[in-house]
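> here are the coordinates; sequence isn't available:
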């Protein structure tokens, strides 16, 4: 589903990704772990097409298409979803309006009919209930006044409604207490399907107790330096990244 080959990228002239290669198959969950400054968030932003992240070499293919040739909105319409480490607040724009506009924009780009008001409300209510987000919060401005955990739950509601083919989740576990972590993890697991894939970026093993990945990759200095199964996270927790670097 996702093929990244020898990817190089820089920010303000500084090289961050330095030959990253990764393959993510349909139905799979891959976790990316690594120390601060390794390039984990840069990878997520490059995949989403964020401005200021310049690709200087390599290729990214998503479902047979050149992902790097697409504008950000085209990537979203193709099924790429970015869960941000720090979800932004959008004062004056309700969650419901934001989400319905995003859903219908993607459907229109794919040549699909827009969701009716009744269909959308059913989707939004079901997603909010599953993620433990009070429906009244869906009527408030996007993330405004939300706690860190509520912002992450809200982001999972968005993912549930938009139903992406590839979810790139940048430190979704950041700032979550144990109860919120379980709820968010359940939301990620519920999205697992043969025609979807997930790329989890995390610092900590605790998320991977709830969302068990098919593969774990260690990213250091802009490259994947080691890959393994779910037990690799426990090794990193116990021994640190120095064990891999050695």
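Alright, I've got the coordinates. Not measured: the values here are computed from a predicted model. Residues are numbered from 1 along each chain as shown.
> which stretches of the protein form strands?
2-11, 14-24, 29-33, 53-62, 65-66, 80-83, 90-94, 141-142, 166-170, 197-201, 215-220, 223-228 (DSSP state E).
> flag the shaky bits of this protein, pLDDT-wise.
Counting by pLDDT under 70, the ranges of the chain that qualify are 245-246.
> residue 171 and residue 209: what is the separation?
Distance of residue 171 to residue 209, given as C-beta to C-beta, to the nearest Å: 16 Å. C-beta: built from backbone N, CA, C; applies to glycine.
> what about those two, which has more around it?
Taking other C-beta atoms under 10 Å, residue 171 and residue 209 do not tie; residue 171 has more neighbours (21 against 14).
> correct me, but the more buried one touches residue 201?
Yes. Using C-beta atoms under 8 Å, residue 171 is in contact with residue 201, at 5.8 Å.
> so what sits against both of the two?
Here residue 171 and residue 201 have 40-41 as joint contacts, going by C-beta atoms under 8 Å, 6 or more residues apart in numbering.
> buried ones in stretch 236-243?
236, 241 (16 or more other C-beta atoms under 10 Å).
> in the chain, mark out all the helices, start to finish.
40-48, 72-78, 95-109, 117-130, 148-162, 178-190, 207-210, 232-239, 242-245 (DSSP state H).
> what's in contact with the fifth one?
Put plainly, it is helix 148-162. Contacts of helix 148-162 (C-beta under 8 Å, 6+ apart): 81, 83-84, 87, 95, 99, 102-103, 106, 120, 123-124, 126-128, 130-133, 137-138, 142-143, 146, 167, 172, 174-177, 180, 183-184, 187-188, 190-191.
> so who does the residue nearest to residue 92 when sequence neighbours are not counted touch?
If the residues on either side of it in the chain are set aside, residue 92 comes closest to residue 141, at 5.9 Å by C-beta to C-beta, 6 or more residues apart in numbering. Applying C-beta under 8 Å, 6+ apart to residue 141 gives the contacts 89-95.
> so which of those is the closest to residue 51?
Nearest to residue 51 among the contacts of residue 141: residue 90, at 17.7 Å, using C-beta to C-beta.
> what's the burial count for that closest one?
Here the number of neighbours of residue 90 (other C-beta under 10 Å) works out to 14.
> give the bridge partners for it, please.
Assessed by DSSP bridges, residue 90 has beta-bridge partners residue 142.
> roughly how far does it sit from residue 108?
21 Å.
> and what of residue 204?
39 Å.
> who has more neighbours, those two?
Higher neighbour count among residue 204 and residue 108: residue 204, with 15 against 12, using other C-beta under 10 Å.
> wouldn't that one be in contact with residue 175 here?
No. Assessed by C-beta under 8 Å, residue 204 is found out of contact with residue 175, at 11.6 Å.
> so what sits against both of the two?
Shared contacts of residue 204 and residue 175, defined by C-beta under 8 Å, 6+ apart, are not found at any residue.
> that older thread, scan the contacts of residue 141 and report the most crowded one.
residue 95 (24 neighbours).
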